[in-house]
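>>> predicted model, plus sequence, below.
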Amino acid sequence: MADVKALLKEAKKLLVEEKNEEAMELCEKAIEEGTKEYMVYCFAALANANQEYPGDASTHYFEAIKLDPSKPTAWQGLFKLYDTLGLPIDDRAIETAEKVMEFAENNEKREQAKQKRREYLWYLRKFSILKDDVGTKTDFLKQVATYMLERENKNETEKTLMLNCLKALDDELWKDQKLHLAFVCYQVGISKSYVDWEPEVLKFIKAHPQPNDWIRQKVEFLLHVSILTNGALSDELFTYYVETYNENKDDFPFSLFDAVANEEWEDATDVILEIPDASFSAYPMPPSIFSAIRVFYDDESYEKCLRLIAIALPQVNAEPTIKDALLGYKASSLYNMKSVESFRLGRQICPLPAKFELIDALLRLNLGEQVDEGTLEESENKQRLSIHRFLLSKEPEKAIPYIEKLKVSESFEDQVLLSDILFATEQDPLPYLVKIARERPRCSRAFYLIAACLKQKNSNKAKSCAEQAVKIRPTDEEYVKLLDDILIQNDSAASERIAVLGNLRTRPNWAHQRLYTLFLEIGKVDDAIHSLQHLIRVSPDDASYWMTLGQVYLQRGSLQAAANAYLEASKLRPEGEYQIPMLHVLLRLGQYTQIVEKCDEWRRKNEDSMKSEVSQIAIDIVHAQALFQIGKNAIGSEQIAHLNKIFTILDGVLEKRPPYATIYKLAAEVLTFCVDFNWEVLKEMKIPESFSIKSPADCLKLAASMSCIVLSLDRSSSAAWADMGIILTRRAQIEKTGELALKAIDFLKQAIRLAGDNEMRSMYWVKLAEATRIAEKPPNQQQHCLIRALELNRSNAEAWCSLAILFGKTGFHFSELSKRSFESAMKVDPECAVTWTGYAFLALSDSHVEGRDRAIVEDLRKTAVESFLQALTYKPAMVTVENLSDLLALSEYSIDPTSSRVDFERVLALQDRDGCTDASILRLALLTEQFGYFEDNTKLLDRLKSFPLAKYHRIRTQLLQSKCGEEQIPAELAPLAELAGSKTEELYDKMTTRLKYYQEIFAKLPTGENLASLCRLAEPPIHVPLIIAYLLFKKMEVPKQTETALHNMRPRHQLLDVWPTELDEEMSDELKYLEEDGEEPFRLKHRLAKELYNRLFELRQKWFAERPPVEKKTKNC
């Protein structure tokens, strides 16, 4: 023990003398030798510490503490190591500080140790312990608070620590700008609404008025929100903003805030309008959108306001104050747009915040809901609701008791409401309105009411005010209607009125009614149609709209659409006045059958009722015109029946002596048409006795009289003069009177003078050329007329044809000119029968030239035959029949009726025409034989019993039908008689021997292989009836390949629709699709095959009825 004491004494002495190394060696040697003395370890630790060996020092202190933890020396030494020598902080440092606190001699030392403990806890991030004791040391508190404020995603312990530090700082917080800013940022981050952090921003700008970009953003946000919610700026915020950020007063948003602060709303609107629309659509939205919404609302730009609200609403769910304001302004905007649709949309937002309770009530009131004033909290709103109720129910006098209360109100909305009451009760609201307009130049209602007051007193001033109201609210129906009424009163131009009415987004009926008349006035037919269609959609039972729509369609040239519109009108109003326009359009469309049906239906419905004579006459005229057009294309008895109906109608109308040129013109046309009938047919017609028709020539005389009446009714009509000239030309031709032709020339010249266009004049020049020919004028005059016609219209086929005929008559040297003229006529009108007849004569004429090669002559005759057939296809004429029949009789060329498109029924009708001689009948009979019309051939020949050749041709026809009786057969007909008496087998052998390619085709029928190519290449073309006859003769079943090959032949023969079988559904057949579309595909027909066709059809139907059910197939017959 004495040695330990001596050791400690020596060590202490060395430490005092700062001989730390020697002291360290002394103590450590003793420790190595096994000394376990508390103070030895302490002195060893102190010696190491003095030499700045904190690691070794701490080791010795730890050993000392193990020996006796209740003594303070080691703990204090260790504490000093942590504090001054930079011993790494760990959990032992916290324990050391706590022990030092226990051994502290006074509060000061205890507090120092306590503070060190806090710092060690902070260093080791032991926030859960530190949060309960943060101390009062300002620097430490700032350090912790700053770190925590800047730390993201804090947990609850960290938040508590931060708040305790901030609380401990107290006033020191507001003195440190950086720390204070961090605190405000934190408050903004944790707040659910700007309402929560706005006070913190106010405290900050009071404590630190220096510029700061982040604070500026928040202040601008608050100012924008203030404009939205209050319509004004926060004085405190605006003052700070002006004093701190006034370097660019003309820039946004300073200019906006300045305008709002000074209540210069027009300037505020201008500032907002300078902001690009795209910037509002950015995400996140700029806070300026709130100011824009309020500015646009006060500017009455409700559509823009709604667009911005739609952008803002989804982004303000966490801001109930802002959201309530946006919903309120949305509903208010919809209410002020004043349409049923906008009311409904606004009603969907309800219930609204208390601030907008009046708007909520007004929306429901305008939709017809029951609204009780008791549901409103503010008494002023109850009063306003009552006034609106009285105005809406057209009982403004009930609102008079509220006038005095409104007069003392400072709200400009109340002043406008007061003006509405005064105006509605016929009192003078102008003093109030002028004041409102001066103070609120964007109040459209004020300008509207001023305009309404001045409408009768000062229309120019009223117009100016109404224009201002419409400028502010261009889509307000009430304002637009007032302005348009004033424009009507001032006789303003249609274009000016259209510009006003065109602003309406959804146009009401009255706007469409005005617009379509204006559009018609300036020639905008399509726009007029659009307006009328809207009116019809709204009022489909209003016949007047349908009638007007029909007129407009007619003006545009849409005849079918016009007819449909008139048809709808006629269904709604069966009176004649509503039928006539429809019938006239159908007449122009060529729908003659429908006209006849409509006229007959109208007569049946109005037979016993009183009807307008004018309407009756007009309908009769159209009826007769339609019948005439149908009759011209009909044949035989059907044609006569139509003409008889026309004469019945004409008789009934003409006896009334109507002052309408149309009926007399029609009578003249019908009588002129009847001239071509022979007297036997004409006298069978039901021509009125008052017409005094005794011969075909009388028809022309009466027609001339009718044309004179037309001229007396309308002497300025070129068509009337031309009709008279044409009738006189025809009379001159029939009566062989040159004097009539000269009169016709005078009439046609006058028609040319009066004609309104070149096409009409060209047509009249052709008629003048014909009259000149009949008058036996020199050919050069006729040529002059035709050349003049072509100068006016090179597409005049009749002029080309007449010129070709003229050249052809002049002589051989003009043959080439004649041919070129005919070809020009064909290019212009390939369906002109006269052209084809003339071309045929020209070919015949060329074939008679001496020295022609026989092959060329045959080609020319073939061309003539084909041209005559083309002429018969388009318009049969007896001169064509006669020459074609002669040509066929004198040549080896024959007609293939299966490939001809001639409607021979029309050709047969020529026998009833005037001037048809026995020679003409014989030629017609010969032509009927070529086309297989044997029954008609026999009838025609029976009319010629006294004619020498009639018997010969009758026997020939009987032989062709294999019906020859016991009459003696002429020698020339012996070969034909031999064929007629042959058996089927003999005829088959003769045919296959003479026509080898038929033998090849028959051989391919059982398999169908290469059948299609054989049929396609056969020359001359195959005859389908022969193939069908062969199949029946052989009773042959054919495969599908054969059926397909036969059905695919084009043009298809009608027999193939029923034989050999119907087409399978999967088989391609374009003719089927044509028929499904309502078209009539061309099929070859043969008169001789008619009985075979009918018989085959019957057999097929019987077969279908007897056979077992099979899968459905497409039927082509």
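Cool, got the structure.
>>> make it CA atoms for all contacts and neighbour counts henceforth
Will do.
>>> check the gap between the one residue sitting closest to the centre of the chain and Ser291 for me.
Centroid-nearest residue in the chain, with CA atoms, centre = their mean: His530, separated by 12.1 Å. Taking CA to CA, to the nearest Å as the measure, His530 and Ser291 are separated by 40 Å.
>>> and Glu1019, by the same measure?
When Glu1019 is compared with Ser291 (using CA to CA), they lie 92 Å apart.
>>> comparing those two, which residue is more hemmed in?
Neighbours per residue (other CA atoms under 10 Å) separate Glu1019 from Ser291, with Ser291 holding more: 27 against 9.
>>> mind listing what the more buried one touches?
Ser291 sits next to His224, Val225, Ile227, Leu228 when contact means CA atoms under 8 Å, 6 or more residues apart in numbering.
>>> so can I have CSV of those residues showing distance to Phe868 and secondary structure?
Formatted as CSV, those follow (distance: CA to CA, whole Å; DSSP: H, G, I helix; E, B strand; the rest coil):
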residue, distance to Phe868, secondary structure
His224, 93, helix
Val225, 94, helix
Ile227, 94, helix
Leu228, 92, helix
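>>> save those residues as TSV, and put in distance to Ile630 too.
Below are those laid out as TSV (distance: CA to CA, whole Å):
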residue	distance to Ile630
His224	81
Val225	81
Ile227	80
Leu228	77
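>>> ok, which stretches of the stretch 51-200 of the chain are helices?
For the stretch 51-200 of the chain, the helices defined by DSSP state H, counting those that start in this stretch cover 54-67, 72-84, 91-103, 107-123, 127-130, 138-150, 156-169, 171-175, 177-190, 194-207.
>>> would you single out the least confident of those helices?
Among the helices of the stretch 51-200 of the chain, helix 171-175 carries the lowest mean pLDDT, a mean of 65.
>>> and the helix or strand hosting the residue nearest to the centre of the chain, which residues are buried?
Element membership of His530, judged by DSSP states H and E, is helix 525-538. By neighbour count with 16 or more other CA atoms under 10 Å, helix 525-538 contains the buried residues Val525, Ala528, Ile529, Ser531, Leu532, Gln533, His534, Leu535, Ile536.
>>> likewise stretch 214-226?
Ile215, Arg216, Lys218, Val219, Glu220, Phe221, Leu222, Leu223, His224, Val225, Ser226.
>>> same deal with stretch 1038-1058?
Residues of stretch 1038-1058 classed as buried by neighbour count (16+ other CA under 10 Å): 1040-1048, 1052-1058.
>>> gap between the two ends of it?
End-to-end for stretch 1038-1058, by CA to CA: 14 Å.
>>> same deal with stretch 227-235?
12 Å.
>>> state the mean pLDDT of it.
On average, stretch 227-235 scores 85.
>>> cool, stretch 696-706 as well?
Taken as a whole, stretch 696-706 has a mean pLDDT of 91.
>>> ok, stretch 322-331 next?
Rounded mean pLDDT across stretch 322-331 is 91.
>>> next: stretch 481-490.
Here the average pLDDT along stretch 481-490 is 90.
>>> that stretch: which residues count as buried?
Neighbour count says stretch 481-490 has Lys481, Leu482, Leu483, Asp484, Ile486, Leu487 buried, by 16+ other CA under 10 Å.
>>> show the contacting residues for the closest residue to the last one other than its chain neighbours.
Right, Leu487. Computed as CA to CA, 6 or more residues apart in numbering, the closest residue to Leu487 that is not its neighbour in sequence is Arg497, at 6.9 Å. Contact analysis of Arg497 by CA under 8 Å, 6+ apart lists Asp484, Leu487, Leu518.
>>> what's the pLDDT at Gly631?
90.
>>> helices of the stretch 201-350 of the chain, start to end?
Assigned by DSSP H, counting those that start in this stretch, the helices in the stretch 201-350 of the chain fall at 213-230, 235-244, 254-261, 265-273, 277-280, 288-298, 302-312, 320-336, 340-347.
>>> ok, now which ones touch Lys1004?
Listed by CA under 8 Å, 6+ apart, the contact set of Lys1004 reads Asn1010, Leu1011.
>>> can you give me the end-to-end distance of stretch 354-372?
Stretch 354-372: ends 15 Å apart by CA to CA.
>>> return the distance of it from the chain's centre.
Put simply, stretch 354-372 sits 39 Å off its chain's centre (CA atoms, centre = their mean, to the nearest Å).
>>> how about that stretch: buried residues?
Quick answer for stretch 354-372 (16+ other CA under 10 Å): Phe356, Glu357, Leu358, Ile359, Asp360, Ala361, Leu362, Leu363, Arg364, Leu365, Asn366, Val371.
>>> pipe the residues you listed into TSV and attach pLDDT and distance to Met547 per row.
As requested, the buried residues of stretch 354-372 are exported to TSV (pLDDT from 0 to 100; distance: CA to CA, whole Å):
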residue	pLDDT	distance to Met547
Phe356	90	49
Glu357	90	50
Leu358	89	47
Ile359	89	44
Asp360	90	45
Ala361	90	45
Leu362	89	42
Leu363	90	40
Arg364	90	40
Leu365	90	40
Asn366	90	36
Val371	85	45
